[in-house]
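Enquirer: Provide a 3D model corresponding to the input given below.
(chains A and B)
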Amino acid sequence: MSIPVAQVIPSSTFSHVGLMVSFMSLMAILCACSFIGVFDMTKQWMRDVDNTLTIEIPAYNTMEQSVLSQRAIKQNAIKIENFLEYDPLVTDIQIKTFTDGESDNDISIPEPVFMTVTLIEDRADQAEERLIRNITDLVPDVVTQTAKDWERDIHNIALSLQTLFGGLLLASFLITIFTISTIIKIQVKAHAQNIELIHLMGAPVGLIAALFKKSITIPVLVGCGIALCLACLSLYVLLALTGLHQNLYLCFMIAIGIVVIFITITRLTTEWTVRKALWNLP
Amino acid sequence: MINLAHVGLRYDGGPEILTDINLTLDKGSFHYLTGPSGSGKTSLMKLLFMGLLPTRGDIDFFGERVQNLSRRERAKIRQQIGVIFQDFRLIPHLNLFDNMALPLRLAHMSEHKIQTAVHDMAEWIGLRDYLKSKPAFLSGGQQQRVAIARAVITKPKILLADEPTGSLDDMMGQKIMGLFEELNKSGTAVLIASHNKILMDKFAHPSLRLKAGHLIS
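Expert: Numbering: from 1, shown residues only, chains lettered A, B, ... in the order given. Alright, predicted model coming up:
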């Protein structure tokens, strides 16, 4: 394009757009990274809090059935890392106090079995559900105690936060599109005479749109560059503080991606708005 | 070059401003366009540089019906038409150099050729020392000279001028008319809307008269 931008509109016209895009892209980057951060943090909480579950095998009529069912769980219930059983000796002594010294081996009292199993995989990955399903298939009367209720609360809070950050991210895109579209419309009106003049001299609408794009891209690039620097600095500090520094690389990639999206949005919105505004030119 | 057949024009459903206009501008033709104020001279000029499209009839540019041309094709044709506006229409934030260079840049001419062409033209119109000035710092006559220079700098195939000498003194007016005649001799079709009878008598060419939207040759 041999025609300078300043031929249509003064070069300072869009300097404030850079500031707006800078703010919006910074907000978008932080929101997107917060979205990822909350997701990872929730997983971390689940992993750290309690990755165990208690299983109670009800008392059977014979010891053989109880042993068989325990053995079946040990042999077949996958994803079990560790078993913690109630010590049979302790149980035996407790029973003897009620049976005048006779052991359960002598009288064959059926007894329940309690186990604590540690899940190999995270709760968040539905390992718990899979394990309960497997145990229930083997021992239909099994009673399990899980942390599902408070898990649901954590999930709900995380989901709310993720919705909030996702909403803010979407809002930042929409606000940018709306603002740029409005500014371009105003500038097209403000410079209508110059635009009409160069149109009558033989400038196609595509060239006029390209001039607008060129003139708005420069301040937007500067704004996005500033936002990227600020975002990287903030992310570095925030992720270090929250212990999620393993996400640093991913967040930097997201930041760069968002900046590219903002530049693309700006250029597309400008092109579309100019073409629409000049649609009625003969 | 341009042919108008039974052309009519009305603005937004109002009364017809131009009625049944038939006109041909051939290569090397030179016409004056006269008529009282409000007779439709400016509207006819706008039709001729595709600033407006007719509401009735056909306009052909270089054998192509204007309604059938794409926007890009129209832009190409406009680059071959030089227009001098009555109100000059210089771009206020550009200096004289850039105002004059604008049509050359639209034609993708190299910067070296633009420099040469603009300096030569500025020399000719006597404004070489003002090339870095903004239009606001020039008199009406100087602005008109710049507007003329901008229109003729590409040596267009068609030159349309609306009162091109209105703000010029007699000597400069004659100089400009001489320039138009030179261009005309090299094949440019010239149409000048003017009320200046002295110049029209001195540089005699056929006149087209508009009266209440009707063209009377």
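
Enquirer: Please list the residues of chain B that sit near chain A.
Expert: B:49-53, B:71-72, B:74-80, B:83, B:89, B:91, B:93-94, B:98, B:102-103, B:105-109, B:111 (Cβ under 8 Å from any Cβ of the partner chain). (Each C-beta comes from the backbone N, C-alpha and C, glycine too.)

Enquirer: Mind checking which of these are in strands?
Expert: B:Val83 (DSSP state E).

Enquirer: Just the buried residues of the residues of chain B next to chain A.
Expert: In the residues of chain B next to chain A, burial by neighbour count holds for B:49-52, B:74-75, B:77-80, B:83, B:89, B:91, B:93-94, B:98, B:102-103, B:105-107, B:109, counting by 16 or more other Cβ atoms under 10 Å in any protein chain shown.

Enquirer: I'd like to know which of the residues you listed are part of helices.
Expert: B:74-75, B:77-78, B:98, B:102-103, B:105-106 (DSSP state H).

Enquirer: Any chance of a markdown table for these, columns pLDDT?
Expert: Listed next are those as a markdown table, based on pLDDT from 0 to 100:
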| residue | pLDDT |
| --- | --- |
| B:Arg74 | 89 |
| B:Ala75 | 89 |
| B:Ile77 | 90 |
| B:Arg78 | 91 |
| B:Asp98 | 91 |
| B:Leu102 | 90 |
| B:Pro103 | 90 |
| B:Arg105 | 89 |
| B:Leu106 | 87 |
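
Enquirer: May I see those arranged in a markdown table, with distance to B:Thr154 as well?
Expert: As requested, these are exported to a markdown table (distance: Cβ to Cβ, whole Å):
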| residue | distance to B:Thr154 |
| --- | --- |
| B:Arg74 | 17 |
| B:Ala75 | 14 |
| B:Ile77 | 13 |
| B:Arg78 | 11 |
| B:Asp98 | 15 |
| B:Leu102 | 10 |
| B:Pro103 | 5 |
| B:Arg105 | 10 |
| B:Leu106 | 9 |
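
Enquirer: between those residues, which is closest to A:Lys214?
Expert: For these, the closest approach to A:Lys214 (Cβ to Cβ) belongs to B:Arg105, at 13.9 Å.

Enquirer: after the lengthiest helix in chain B comes which helix or strand?
Expert: As assigned by DSSP H, the longest helix anywhere in chain B is helix B:170-185. Using DSSP states H and E, the next helix or strand after helix B:170-185 towards the C-terminus is strand B:189-193.

Enquirer: Name the nearest residue to the one residue in chain B that gets nearest to chain A, sequence neighbours excluded.
Expert: Closest contact between chain B and chain A, by Cβ to the nearest Cβ, is at B:Gln79 (3.3 Å). In space, and not counting its chain neighbours, B:Gln79 is closest to A:Gly202: 3.3 Å by Cβ to Cβ, 6 or more residues apart in numbering or on different chains.

Enquirer: now A:Val38
Expert: Once flanking residues are discounted, A:Val38 sits nearest to A:Leu161: 4.7 Å by Cβ to Cβ, 6+ apart.

Enquirer: measure the one you found to A:Met27 for me?
Expert: From A:Leu161 across to A:Met27, the span is 16 Å (Cβ to Cβ, to the nearest Å).

Enquirer: what's the answer for B:Asp20, then?
Expert: For B:Asp20 relative to A:Met27 (Cβ to Cβ), the value is 62 Å.

Enquirer: thinking again about what came up before, state the pLDDT value of the residue of chain B closest to chain A.
Expert: Looking at B:Gln79, its pLDDT is 90.

Enquirer: ok, residue 216 - how many residues close by?
Expert: I went with chain A, as the question did not name one. For A:Ile216, the number of neighbouring residues by other Cβ atoms under 10 Å in any protein chain shown comes to 26.

Enquirer: actually it's chain B I care about, not the one you picked
Expert: Residues lying near B:Ile216 (other Cβ under 10 Å) number 10.

Enquirer: do B:His214 as well
Expert: With other Cβ under 10 Å as criterion, B:His214 counts 14.

Enquirer: repeat for B:Phe85
Expert: 22.

Enquirer: out of everything not next to it in sequence, what's closest to it?
Expert: B:Asp162 (5.9 Å).

Enquirer: wait, isn't the one you found in contact with B:His195?
Expert: No: using Cβ atoms under 8 Å, B:Asp162 is not in contact with B:His195; the gap is 10.9 Å.

Enquirer: Can you pull the residues of the stretch 151-282 of chain A lying near chain B?
Expert: Contact residues (Cβ under 8 Å from any Cβ) of the stretch 151-282 of chain A with chain B: A:193-194, A:196-207, A:282.

Enquirer: which residues of the stretch 101-250 of chain A fall in helices?
Expert: A:104-107, A:127-138, A:148-190, A:192-200, A:205-242, A:248-277 (DSSP state H, counting those that start in this stretch).

Enquirer: Check chain B too.
Expert: Ranges of helices within chain B are B:41-48, B:71-78, B:96-106, B:111-124, B:140-152, B:170-185, B:197-202, based on DSSP H.

Enquirer: ok, residues contacting the first one?
Expert: Applying Cβ atoms under 8 Å, 6 or more residues apart in numbering or on different chains, the contact partners of helix B:41-48 are B:2, B:4, B:7, B:9, B:17-18, B:21, B:25, B:33-35, B:51-54, B:59, B:81, B:83, B:86, B:158, B:160, B:162, B:191, B:193, B:210, B:215.
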